[in-house]
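Q: No letters, just coordinates:
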């Protein structure tokens, strides 16, 4: 083993493990300053963060009416946690029957995990956590839901469930995804999912979001891209499930996320 | 996260017990070449076990004792698997027994189990990744294409430390 002191003085000696550990430490310190899911803020708060005209114009363009956002901790799981929180927040406004229909609809998707070859010892705890929350949801206040999501044990388990669902969708629909993964070196779907979707704390890419939406069926996702690209309005990328609606299908939901390079928060129109 | 992890570990433990009627029996007989169990029933966060070498290769006949420590955030984060019996392998540190395997680091998935992780470690034995070596000497020999030299070096250390007779004597 190389001594710690040597590592600090000679950057060439940093091996992959050390880099990984140090990166994680930086992330952890940064992350612990913010709650997993924060409180709603009016969109105008964002103006205080930016001097850049492009950003300010785009923020102002979003700012009509009650627009706002809810910050989510930037720990590599932000898109997943933002999506999961907003999913349950939207559900919590529905009737008990609609919540139950949604729960049943999602439960039916568990078969994807089996089809993709996951062992149930591996996934069952995470799936159970999601459906525990479904059970409690009709009696929860909005504040209780925020508290519940700030319990890392609960929201991280739900994130793993959603990550596995998205990965399972890709694995069971490999033909649809191979063209986006194969860059001429031969694609390995399993390795792609492992590296980019299943691994906890790895940020969601475009394919991950597409697969998540397809795996859930009942959610449409809009991502507002708040970046430096030209224009006075942020571009919105829409993700809609491929599968068409079935009879007796649970109500569909519309989730909006606010993307700023490297990070996702929840967006409220 | 410790209640989630305890629950999960308990499930894995009972699944393993179901799989082999005599859970603490000698490792080498196990179907997948891996045998693991908790060090004590009171502490499910520390396991120990053994990995046997894949036949038809320089690790054939060897049995390596491993130590598995499990973080309280398991299974969101990977278990720490170390070789106790010295082993000569490009991705395993000869002295500390540390294993460099992506799925035990940044590519860990919560859907993996302790057993599947150990099976992956066993597969690593005959499928080394020479670009991330922890044993530079072993990696260099392979990198220069000296398969025969590599095999005989590995074989030497397998004979020296991991053949069952020696293993039994050390216990």
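A: Perfect, I can see it now. All values reported here derive from a predicted model rather than from experimental measurement.
Q: Now residue 49. Its backbone dihedrals?
A: With no chain named, the answer covers chain A. With angles defined as degrees, to the nearest 10, residue A:49 sits at phi -90, psi -20.
Q: Let me rephrase: I mean chain B.
A: phi -180, psi -170.
Q: from what I can see residue A:96 touches residue A:140, true?
A: No. Applying CB atoms under 8 Å, one finds residue A:96 not in contact with residue A:140, separated by 11.9 Å. (Glycine included, C-beta is placed from N, CA and C.)
Q: quick one: which of the two has more around it?
A: Taking neighbours as other CB atoms under 10 Å in any protein chain shown, residue A:96 and residue A:140 compare with residue A:140 leading, 15 against 10.
Q: So which bits of the top helix by length along chain B are buried?
A: Secondary structure of chain B per DSSP state H: the longest helix is helix B:2-19. Buried residues in helix B:2-19, counted by 16 or more other CB atoms under 10 Å in any protein chain shown: B:4-5, B:8-9, B:11-13, B:16.
Q: out of those residues, which touch chain A?
A: Among the buried residues of helix B:2-19, the residues within reach of chain A (CB under 8 Å from any CB of the partner chain) are B:4, B:8, B:11-12.
Q: can you list those in CSV and add pLDDT and distance to residue A:51?
A: Output for these, formatted as CSV (pLDDT from 0 to 100; distance: CB to CB, whole Å):
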residue, pLDDT, distance to residue A:51
B:4, 81, 44
B:8, 91, 48
B:11, 89, 53
B:12, 92, 53
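Q: okay, those residues in JSON lines with distance to residue A:257 next?
A: Listed next are these as JSON lines, based on distance: CB to CB, whole Å:
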{"residue": "B:4", "distance to residue A:257": "27"}
{"residue": "B:8", "distance to residue A:257": "30"}
{"residue": "B:11", "distance to residue A:257": "34"}
{"residue": "B:12", "distance to residue A:257": "35"}
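Q: Could you single out the nearest of those residues to residue A:195?
A: Of all these, residue B:8 has the smallest distance to residue A:195: 22.8 Å, by CB to CB.
Q: Now do the contacts for that closest one.
A: Residue B:8 makes contact with A:121, A:125, B:74-75, according to CB atoms under 8 Å, 6 or more residues apart in numbering or on different chains.
Q: For chain B, which residues are neighbours of chain A?
A: B:1, B:3-4, B:7-8, B:11-12, B:15, B:75-77, B:93, B:95-96, B:100, B:103, B:105-113, B:116, B:132.
Q: What about those residues, which are in helices?
A: When DSSP H is applied, the residues of chain B next to chain A are split such that B:3-4, B:7-8, B:11-12, B:15, B:116 fall in helices.
Q: farthest pair in these?
A: Once CB to CB is applied, those give B:3 and B:116 as the farthest pair, at 22.5 Å.
Q: So which bits of chain A are right by chain B?
A: Chain A comes close to chain B at residues A:1, A:15-17, A:20, A:118-119, A:121-126, A:129, A:152-153, A:156-157, A:160, A:164, A:194-195, A:198-200, A:202, as judged by CB under 8 Å from any CB.
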